[in-house]
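**Student:** Sharing a model prediction with you, sequence too.
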Amino acid sequence: MNPVADIARILPEVILTLTGVVLMLVEATIPANWPRRYLGFLAAIGTTVALWASLGQLALPQGTGFFGTVETSAFTVFFHVLICGIVLVALLVSIDTLPEDGHHQGEFYALIVFGAVGMCLLTSAVELLVVFIALEISSISTYILAGYRKNTGRGPEAAIKYFLLGSFATGFLLYGIALLFGATGTTQIYELARLAPLAQNQPLVLAALALMLVGILFKVSAAPFHVWTPDVYEGAPSPVVALLSTAPKAAAFALLLRVLYEIFPALHSVWAPLLWIVAVLSMTVGNLAALRQRNVKRMLAYSSIAHAGYLLAAFAGIGSVGIAAAAFYTAAYAAMNVGVFAVLTLLAGYDEELSLIDDFRGTLYRSPVLTSALIFFLISLIGIPFTGGFFGKFYSFSAAVGGGAVWLAVLGLLNSGLAAAYYLRLALVTVQRPAEEAPAPAKHRLGPAVLAAVSLAVLVTLALGIVPNAPLVAAQAAAHTLQVPPGR
């Protein structure tokens, strides 16, 4: 064991951990009447350094550290950069939108950073016990963040529901890990990949696969494991929802890719049809429910369930094609969804004076720049060309067709057309002339931090739609390293 080399393999997590610790120490030492929003800049700086450290890991040879428990590869770097980018945008939005008199702002920023530690570690762990620890680090932080807005009953309700249902899902995952250990005698992923197909008790392996799928699909809010999503999205503050709807899902999809394509590739004929069913259910249930919503955040919650279905369609792809398509879609969805909630935070305010779709009537005339950004993100969520959403769906459905799931791709296209109805409904409301009795727009701080956050989300979404080659090449490199791990 080389301590320096091992630390280099978890350097982003180390930087994020140190950033969180410093935030807690500084917040505890400064006077109570001093503003805390500047701690957000400290958190953003630490996250940016962690992002660059992740990119620097590309110079390391692919391999594992800490006795084979964590890995560094193009796959881990791809998701580290994605998660750090999402966290950075969420922090920048929070800096200018959290109330000036809000308490515990230091803890708020620290919780986001500590959650990022768990998410990053989840993508690089190649030992299932470390996977469980990373998942708990991420989950505990997000449970607390979901209930951060305590001046309304919806905040604690969201946190309690998220915690209770999340605990059940984690229990399923842990039970699956235990069964897998019972069948093979190990929890190291590469060893499992070698021993699981040879295990004498194959029913135990199949049961482990089923339980682990339940736990992971809950984290990505795929149907029928989606019931927590609308209430949590509605009750949590919008900056928190921008994080919850993207970063933990990116980490969970990375885990799903590793579990299915590294541990259980021999069971492709078993898990592929199951994921096809879950994908169709997610797309259909999410879109049909979203059509009935009048609350914007609940509509976007059901929309996220539908997008989980679009992404799962990529798992029908064969080998690296499906992995690359899923990774690219994860990045595209993260960029446009975090942008949507960043704009909603500014238009509706922290206390969400504008919550219903009709409340956004005429916002184009009152906040033309922000509303234009909102319409752009909605267009990308539909999948209109020259946006990241278009190429995300294109690669996902192409992977499904290549894997023989033609009807899955057809149903995905039909659901995309159905989704256009509720996205365009919100977009059209914003360009209508406001009624005289319409609620006034929220007073928002258009500071440099939040402008940088929205601009970054717009640019990434646009770049993924116009010049998708570089991200696609990175996704393909991630797919190849996932398929050819060291020592196999």
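**Tutor:** The structure has been received and is ready for your questions. No experiment lies behind these values; they were computed from the predicted model shown.

**Student:** phi, psi of residue 71?
**Tutor:** phi -130, psi 150 (degrees, to the nearest 10).

**Student:** isn't it right up against residue 61?
**Tutor:** No - with contact defined as C-beta atoms under 8 Å, residue 71 does not reach residue 61; the gap is 11.2 Å. C-beta: built from backbone N, CA, C; applies to glycine.

**Student:** of the two, who's got more company?
**Tutor:** residue 71 (25 against 8; other C-beta atoms under 10 Å).

**Student:** Can you read off the pLDDT for the more buried one?
**Tutor:** pLDDT, the model's per-residue confidence, is 94 for residue 71.

**Student:** Bridged to it, which residues?
**Tutor:** Beta-bridge pairing of residue 71 under DSSP bridges involves residue 64.

**Student:** Could you pull up the residues touching it?
**Tutor:** 9, 62-65, 124-126, 485-486 (C-beta atoms under 8 Å, 6 or more residues apart in numbering).

**Student:** Against residue 260, how distant is it?
**Tutor:** 17 Å (C-beta to C-beta, to the nearest Å).

**Student:** dump the residue contacts of the residue most central in space within the chain.
**Tutor:** Centroid-nearest residue in the chain, with C-alpha atoms, centre = their mean: residue 246, separated by 2.4 Å. Shown in contact with residue 246 (C-beta under 8 Å, 6+ apart): 86, 333-334, 337-338.

**Student:** Poorly predicted segments of the stretch 1-150 of the chain, please.
**Tutor:** 1, 100-103 (pLDDT under 70).

**Student:** Repeat the analysis, applying 90 as the threshold.
**Tutor:** Low-confidence segments of the stretch 1-150 of the chain (pLDDT under 90): 1-6, 27-38, 62, 95-107, 147-150.

**Student:** One more: the stretch 251-400 of the chain?
**Tutor:** 266, 268-269, 316-320, 345-360, 362-367.

**Student:** Residue 412 is in contact with residue 394, isn't it?
**Tutor:** No - checked against C-beta under 8 Å, the pair residue 412 and residue 394 is beyond contact range at 10.6 Å.

**Student:** okay, the two: which has more neighbours?
**Tutor:** Shown here are residue 412 and residue 394; by other C-beta under 10 Å, residue 412 has more neighbours (23 against 17).

**Student:** Now do the same for the strand or helix carrying that one: mean pLDDT, whole number.
**Tutor:** Assigning secondary structure by DSSP states H and E places residue 412 in helix 406-431. On average, the pLDDT along helix 406-431 is 94.

**Student:** Which of the contacts of residue 71 are buried, as a PyMOL select command?
**Tutor:** Buried residues within those, by 16 or more other C-beta atoms under 10 Å, are selected in PyMOL with:
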select buried, resi 9+62+64+65+124+125+126+485
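
**Student:** In helices, which of the contacts of residue 71 appear?
**Tutor:** 9, 124 (DSSP state H).

**Student:** Name the nearest residue to the residue nearest to the centre of the chain, sequence neighbours excluded.
**Tutor:** The shortest distance from residue 246 to any non-neighbouring residue, by C-beta to C-beta, 6 or more residues apart in numbering, is to residue 334 (4.2 Å).

**Student:** now the angle from the host helix or strand of that neighbour to helix 406-431?
**Tutor:** Residue 334 is part of helix 320-348 when elements are defined by DSSP H and E. Calculated by axes from the mean of the first three to the mean of the last three C-alpha atoms, to 10 degrees, helix 320-348 forms an angle of 20 degrees with helix 406-431.

**Student:** what's whatever helix or strand comes next after helix 320-348 packed up against?
**Tutor:** Under the assignment DSSP H and E, the closest C-terminal helix or strand after helix 320-348 is helix 363-366. If you count contacts as 3 or more C-beta pairs under 8 Å, 6 or more residues apart in numbering; DSSP states H and E, helix 363-366 packs onto helix 368-382, helix 406-431.

**Student:** just how off-centre is helix 363-366 within its chain?
**Tutor:** Chain-centre distance of helix 363-366: 30 Å, with C-alpha atoms, centre = their mean, to the nearest Å.

**Student:** what about residue 358, how many residues close to it?
**Tutor:** So residue 358, with other C-beta under 10 Å, has 15 neighbours.

**Student:** Also residue 232?
**Tutor:** By other C-beta under 10 Å, neighbour count at residue 232 equals 29.

**Student:** right, and it touches residue 245 too?
**Tutor:** No - using C-beta under 8 Å, residue 232 makes no contact with residue 245, being 9.4 Å away.

**Student:** Just give me the longest helix of this protein.
**Tutor:** helix 154-184.

**Student:** could you measure residue 433 against residue 361, distance?
**Tutor:** For residue 433 relative to residue 361 (C-beta to C-beta), the value is 8 Å.

**Student:** Tell me which of these two has more neighbours.
**Tutor:** A count of neighbours by other C-beta under 10 Å puts residue 361 above the other of residue 433 and residue 361, at 20 against 10.

**Student:** Leaving out chain neighbours, which residue sits closest to residue 211?
**Tutor:** Using C-beta to C-beta, 6+ apart, the closest residue to residue 211 is residue 176 (3.3 Å).

**Student:** so that neighbour makes contact with residue 217?
**Tutor:** No - the pair residue 176 / residue 217 is not scored as a contact, 11.9 Å apart, by C-beta under 8 Å.

**Student:** Relative to residue 236, how far out is residue 39?
**Tutor:** Taken as C-beta to C-beta, the span from residue 39 to residue 236 is 20 Å.

**Student:** cool, and residue 295?
**Tutor:** For residue 295 relative to residue 236 (C-beta to C-beta), the value is 13 Å.

**Student:** same check, this time on residue 126
**Tutor:** From residue 126 to residue 236 the distance is 32 Å (C-beta to C-beta).

**Student:** do the same with residue 130
**Tutor:** From residue 130 to residue 236 the distance is 28 Å (C-beta to C-beta).

**Student:** So the two - more neighbours on which side?
**Tutor:** residue 236 (26 against 19).

**Student:** Nearest residue to that one in space, please, no chain neighbours.
**Tutor:** That would be residue 146: by C-beta to C-beta, 6+ apart, it lies 4.4 Å from residue 236.

**Student:** Same check on residue 453?
**Tutor:** residue 92 (3.7 Å).

**Student:** cool, residue 139 as well?
**Tutor:** Closest to residue 139 by C-beta to C-beta, 6+ apart is residue 166, at 5.6 Å.

**Student:** How many neighbouring residues does the one you found have?
**Tutor:** Counted with other C-beta under 10 Å, the neighbours of residue 166 add up to 23.

**Student:** related to what we said a few turns ago, next secondary structure after the helix holding residue 412?
**Tutor:** With DSSP H and E, the next secondary element past helix 406-431 is helix 448-466.

**Student:** Who are the packing partners of that next one?
**Tutor:** helix 38-56, helix 74-97, helix 320-348, helix 368-382, helix 388-402.
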